[in-house]
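Colleague: attaching a predicted model along with its sequence, questions to come.
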Amino acid sequence: MSPGIHYSPINITLGRRFKSTSETIADLSESISEVQTQLPSVDQMTDTTAKIVDQASHSIGELSNHIGYLNSIGLAQTWHWPADIIQHALEYVHVYTGLPWWGTICTVTVLVRLLMFPIYLKSSDMIAKNSKIKPQLDKITKQLMNTTDLAEGQKIALKRRKLLSDNGIKNRWLAAPMLQLPIAIGFFNALRSMANFPVDGFTNQGIAWFNDLSMTDPYFGLQIITASVLMSFSRLGGETGAQQFSGPMKRFFIILPLVSIPATMKLSSAVVLYFAVNGTFSVLQTLLLRNKWFRKKMNIADVVQHSPDPTKINNGIFAAIRENMNTVRKRAEKRRLVKEEEERVHELIKKKRSNERIKIIRRSDLKN
């Protein structure tokens, strides 16, 4: 620095502050252009947003593509509870097949029904054989309901058992379709829990109008499909294709599916999808089991249709229920009276025995 020149901070500041207007505008223009070059354009921002949304949509469902995911979120905890077993099956099929959740639900439902099909074959054969001796069975059952004597009831029951045995009928196969009940409850609880969480992928792996399996069907299409197939299979003779429903029972099974529509309208699409697929399989199974060619090939007995009893008045299902309840009540009353009479006779015998005097005779008395 020259000895004769002095620089003051004030002078420097003033020099910077009072630049010319042209220089200031040039600096601002340069800054604005620099910001514009660094900021992305509107098209670039739109493309970036679309990519992020697309990646996010694809990432939904990735977590559930691994075995053990359901267990990690508190589902599928055991191997003995029906709902947990169904959840394990759903997870294995979903992971190893790569199917979306709607396809997984359909696949597992069909696989379970195929595993149970041999049981329905045997049950259909038993029901058909049972139809041949229905008049005799009805007569024996009526006798059994009217009797109040225990010994007589055992004789009638033995007669009924012999009739079934002679015709090759085993009662356990008649009740075999009831196995579907715990399985259906297991599916219901499993899918409801998965939808309530919801499981990863349930929100975007539906199909058609119900893309979100965790939500209710917005158009009630699944409910209508379920009601239609249930109505059809009940009119065709149940899942065995051999059951003979009376007129009131047929009307009941027609009304019941219609009632199911409002009853299931609050359920998730995943649950109602199971109902629809299961019901559709039931209709197809019923049509197959009603086919005469198939029954002959599988050595299944033909169903014998009996004409209704003209002396029997058909007052409807509720009247039949009331009649059965009255019969059971009368039978219980008769048994109570018989039991009271037996107890009264027993008390009289006991009292008579207690009043009898037993005289003890000694040998010395006999000698005298």
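Modeller: Yes, it's here.
Colleague: what helices and strands are in contact with the lengthiest helix in the chain?
Modeller: Identified as the longest helix of the chain according to DSSP state H is helix 317-355. Helix 317-355 sits against helix 134-146, helix 247-264, with contacts defined as 3 or more Cβ pairs under 8 Å, 6 or more residues apart in numbering; DSSP states H and E. For every residue, glycine as well, the C-beta is placed using N, CA and C.
Colleague: pLDDT averaged over it - what is it?
Modeller: Here helix 317-355 scores 75 as its mean pLDDT.
Colleague: and if you look at stretch 257-265?
Modeller: Across stretch 257-265, pLDDT averages out at 88.
Colleague: lowest confidence element among the helices and strands of this structure?
Modeller: Sorted by mean pLDDT, DSSP states H and E, the helices and strands of the chain end with helix 9-17, the least confident at a mean of 43.
Colleague: would you confirm that residue 76 belongs to a helix?
Modeller: No: checked against DSSP: H, G, I helix; E, B strand; the rest coil, residue 76 lies outside a helix; its state is coil.
Colleague: got a markdown table for the helices and strands packed on helix 317-355, with distance to residue 76 and mean neighbour count too?
Modeller: Listed next are those as a markdown table, based on distance: least, Cβ to Cβ, whole Å; neighbours: other Cβ atoms under 10 Å:
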| stretch | distance to residue 76 | mean neighbour count |
| --- | --- | --- |
| helix 134-146 | 45 | 14 |
| helix 247-264 | 24 | 14 |
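Colleague: any chance of these in JSON lines, plus distance to residue 348?
Modeller: JSON lines is the format used below for the helices and strands packed on helix 317-355 (distance: least, Cβ to Cβ, whole Å):
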{"stretch": "helix 134-146", "distance to residue 348": "28"}
{"stretch": "helix 247-264", "distance to residue 348": "49"}
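Colleague: so for residue 213, which of those helices sits nearest?
Modeller: Between residue 213 and the helices and strands packed on helix 317-355, the tightest spacing by Cβ to Cβ is seen for helix 247-264, at 14.5 Å.
Colleague: against which helices or strands is the closest one packed?
Modeller: The contact analysis (3+ Cβ pairs under 8 Å, 6+ apart) places helix 247-264 against helix 221-235, helix 269-290, helix 317-355.
Colleague: tell me which of those helices sits nearest to residue 136.
Modeller: Comparing these under Cβ to Cβ, the one sitting nearest is helix 317-355, at 19.7 Å.
Colleague: where does pLDDT dip in the stretch 51-200 of the chain?
Modeller: In the predicted model of the stretch 51-200 of the chain, residues 51-61, 148 satisfy pLDDT under 70.
Colleague: hmm, back to that, how about the helices and strands packed on helix 247-264, which one is nearest residue 190?
Modeller: helix 269-290 (9.1 Å).
Colleague: list the buried residues of the next helix-or-strand element following that closest one.
Modeller: Per DSSP states H and E, the first helix or strand lying C-terminal to helix 269-290 is helix 292-297. Using 16 or more other Cβ atoms under 10 Å as the test for burial, helix 292-297 gives residue 295.
Colleague: quick one, what contacts the residue most central in space within the chain?
Modeller: With distances taken as Cα atoms, centre = their mean, the residue of the chain nearest its centroid is residue 184 (2.7 Å). Neighbouring residues of residue 184 by Cβ atoms under 8 Å, 6 or more residues apart in numbering: residue 278.
Colleague: ok, now the one 3 residues further on?
Modeller: For residue 187, the residues meeting the contact criterion (Cβ under 8 Å, 6+ apart) are 86, 109, 271, 274, 278.
Colleague: try it again with 7 Å
Modeller: Residues in contact with residue 187 (Cβ atoms under 7 Å, 6 or more residues apart in numbering) are 86, 274.
Colleague: and it, what element?
Modeller: Once you assign secondary structure using DSSP H and E, residue 187 falls within helix 180-196.
Colleague: okay, buried residues for stretch 209-227 please.
Modeller: By 16+ other Cβ under 10 Å, the buried positions in stretch 209-227 come out as 210, 212-217, 220, 222-223, 225-227.
Colleague: whoops, stretch 277-293 was the one
Modeller: Buried residues in stretch 277-293, counted by 16+ other Cβ under 10 Å: 277-283, 285-286, 288-290.
Colleague: go on, stretch 79-88?
Modeller: So stretch 79-88, judged by 16+ other Cβ under 10 Å, has buried residues 82-88.
Colleague: out of these, which sit inside strands?
Modeller: In this view, the buried residues of stretch 79-88 have no member that belongs to strands under DSSP state E.
Colleague: what's the closest of those to residue 146?
Modeller: Taking Cβ to Cβ as the measure, residue 82 is the one of the buried residues of stretch 79-88 closest to residue 146, at 40.4 Å.
Colleague: now the closest one: closest residue in space that isn't a chain neighbour?
Modeller: Take residue 82 and drop its neighbours on the chain: the residue closest to it by Cβ to Cβ, 6 or more residues apart in numbering is residue 186, 2.9 Å away.
Colleague: ok, that neighbour - contacts?
Modeller: The contact partners of residue 186, taken as Cβ under 7 Å, 6+ apart, are 82-83, 85-86.
Colleague: distance to residue 197 added to those, as CSV?
Modeller: Formatted as CSV, the contacts of residue 186 follow (distance: Cβ to Cβ, whole Å):
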residue, distance to residue 197
82, 18
83, 13
85, 18
86, 15
